[in-house]
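Q: Give the three-dimensional model of this entry:
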Amino acid sequence: MIASPILRRLRLVSCSLTGANMAAKGASRPSLMHSGTFGLRNHSPRPVGLSCYHASKTALAPPLPVLNQESPLKSQGPEPTALSTGAPVLAPAPPKSWILSRLPAAWVPYGELIRIDKPAGTYYLFFPTLFSTLMAAPMTTPMTDPGAVVGTSLLFFTGALVMRGAGCTINDLWDRNLDPHVARTRLRPIARGAVTPLQGLVFTGAQLLTGLAVLLQFPASCFFYAVPSLVLVAGYPLAKRVTYYPQFVLGLTFSWGAIMGFPALGVDVLSNGSALAAMGLLYSSNVAWTVLYDMIYAHMDIKDDAKAGIKSIALKHDAQTKQVLTGLAAVQIALLAGAGAAAGAGPAFFIGSCGGAAVTLGLMIKRVNLKSVKDCWWWFVNGCWITGGAIAAGLAIDYGVRYTKDDEAENKVSS
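A: Down below sits the predicted model:
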């Protein structure tokens with residue numbers, strides 16, 4: 001009789017704890033109760049006996065909190081950034097390439113900011129300058145010698161390296177609140193707080209001054225041709241907020257080098273109708289090429305872009321991407337052929353540049369798997385060398401043939 005109240009109280013506590021534990025398990029593992037996992041679709045947990053519960057004497061323990069297992073990208077918006085919290089975000093360090101691993105630790109975020117470990121963008125910016133230099137060289141009087149062509153091209157490459165970094169920094173400043181939405185960009189230096197917006201602005205200024213120093217090595221007329229491109233460089237990141245076709249704005253920006261080769265070699269396009277036509281058609285051809293390869297690039301982020309409200313041609317024409325790519329390739333090759341005709345190019349150009357571009361673009365469009373991020377990246381990185389290399393090779397051979405003929409003609413006259 002004396003032990004009976006004690007046993008009854010122990011029994012009540014045991015039943016209370018059992019009920020609380022089963023409630024917590026049911027809340028934290030809904031998949032076992034509702035999804036049919038392990039064959040429990042039509043079964044419910046064993047109920048707690050009501051006979052052991054007395055409201056006046058017993059209180060169940062409060063339920064355990066359920067942790068949210070969803071990704072912040074899906075349920076809570078972007079992770080905090082330096083802009084929103086005022087402090088750097090504690091995030092995993094991004095992977096380092098061999099070149100980043102050789103930089104001092106304080107320089108690494110700036111190396112990431114200019115994408116020094118991802119040079120494909122620099123090559124895409126450089127190729128139009130190479131095309132225009134090779135196309136303009138035979139149009140000069142006297143014809144530009146190979147040494148000057150090589151020197152001009154190296155100077156253009158230096159400018160492309162600097163200005164591509166400046167463009168990336170400007171882009172990341174504009175996108176510091178969008179980048180956290182996208183898995184591929186969420187650890188960029190400004191987005192994760194490793195570089196503050198103010199530091200990014202100062203760094204941009206330093207790069208633009210370096211670019212100006214390179215520009216001043218060209219003839220004075222190049223300055224007036226180059227300055228308008230800065231408007232496009234600064235404005236491109238805004239395009240993805242207002243239109244599904246920001247790739248066309250990027251094309252206008254990245255193709256600017258197709259203009260620069262002519263004044264760099266002293267060709268006055270304003271007084272030479274053929275040179276003006278060649279320059280305009282070459283520039284337009286490069287715009288089409290830029291839209292083409294960046295449409296493939298945009299497919300890497302298409303799911304995250306849709307969630308973040310970032311617009312792109314890949315989102316707009318997802319179901320018709322390969323048809324759009326084919327149309328862009330046809331436009332690019334037609335404009336390229338028109339540029340060659342205006343410049344008086346020979347068979348080497350039409351076979352090597354136009355034919356090579358047709359074959360390589362056709363191969364890429366057929367083989368690229370737009371649903372694979374890895375495959376899109378491979379074709380984006382290597383496409384600049386495959387297609388750009390074919391166009392440059394045809395132009396170089398055509399220039400070599402015409403230079404040899406011109407040199408032979410001069411020798412005959414002098415003899």
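
Q: Below-threshold pLDDT in the chain: ranges please.
A: 1-96, 414-415 (pLDDT under 70).

Q: again, 80 this time
A: 1-96, 308, 407-415 (pLDDT under 80).

Q: In contact with V214, which residues?
A: Neighbour list for V214: 155, 158-159, 162 [criterion: Cβ atoms under 8 Å, 6 or more residues apart in numbering]. Using the backbone N, CA and C atoms, a C-beta is placed for each residue, glycine as well.

Q: Could you check how far it is from F127?
A: 17 Å (Cβ to Cβ, to the nearest Å).

Q: how does the chain divide into domains?
A: Domain assignment for the chain by automatic domain parsing gives 7-38+49-66, 120-395.

Q: Any chance of JSON lines for the contacts of V214, columns neighbour count and secondary structure?
A: Formatted as JSON lines, the contacts of V214 follow (neighbours: other Cβ atoms under 10 Å; DSSP: H, G, I helix; E, B strand; the rest coil):
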{"residue": "L155", "neighbour count": "17", "secondary structure": "helix"}
{"residue": "T158", "neighbour count": "16", "secondary structure": "helix"}
{"residue": "G159", "neighbour count": "25", "secondary structure": "helix"}
{"residue": "V162", "neighbour count": "22", "secondary structure": "helix"}
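
Q: if we can go back for a sec, okay if I get the domains of the chain as TSV plus distance to K405?
A: Formatted as TSV, the domains of the chain follow (distance: least, Cβ to Cβ, whole Å):
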stretch	distance to K405
domain 7-38+49-66	77
domain 120-395	9
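
Q: residue contacts, the residue positioned nearest the centre of the chain?
A: With distances taken as Cα atoms, centre = their mean, the residue of the chain nearest its centroid is Y297 (6.3 Å). With contact taken as Cβ under 8 Å, 6+ apart, Y297 is in contact with 376-377, 380.

Q: Select the longest helix from the protein.
A: The residue-count maximum for a helix in the chain (DSSP state H) belongs to helix 373-414.

Q: how far does it sit from the chain's center?
A: Computed by Cα atoms, centre = their mean, to the nearest Å, the chain-centroid distance of helix 373-414 equals 26 Å.

Q: Repeat that for stretch 171-187.
A: For stretch 171-187, the distance to the chain centre is 11 Å (Cα atoms, centre = their mean).

Q: Buried residues, it. List them.
A: Neighbour-count burial for stretch 171-187, counted by 16 or more other Cβ atoms under 10 Å, picks out 171-176, 178-182, 185-187.

Q: hmm, which two among the residues you listed are most spread apart?
A: W174 and L187 (17.5 Å; Cβ to Cβ).

Q: what about stretch 238-248, how long is it end to end?
A: Counting by Cα to Cα, to the nearest Å, you get 13 Å between the two ends of stretch 238-248.

Q: Name the residues that touch it?
A: 174, 236, 249-250, 287, 290-291, 294-295, 298, 310-313, 315-316.

Q: just stretch 158-177 next, same as before
A: With Cβ under 8 Å, 6+ apart, stretch 158-177 has contacts from 78, 81-84, 113-116, 121-123, 125-126, 129, 179, 185, 188-191, 197, 200-201, 203-204, 207-208, 210-211, 214-215, 233-234, 236-238, 253, 257.

Q: Buried ones among those residues?
A: 78, 81-82, 113-116, 121-123, 125-126, 129, 179, 185, 188-191, 200, 203-204, 207-208, 210-211, 214-215, 233-234, 236-237, 253, 257.
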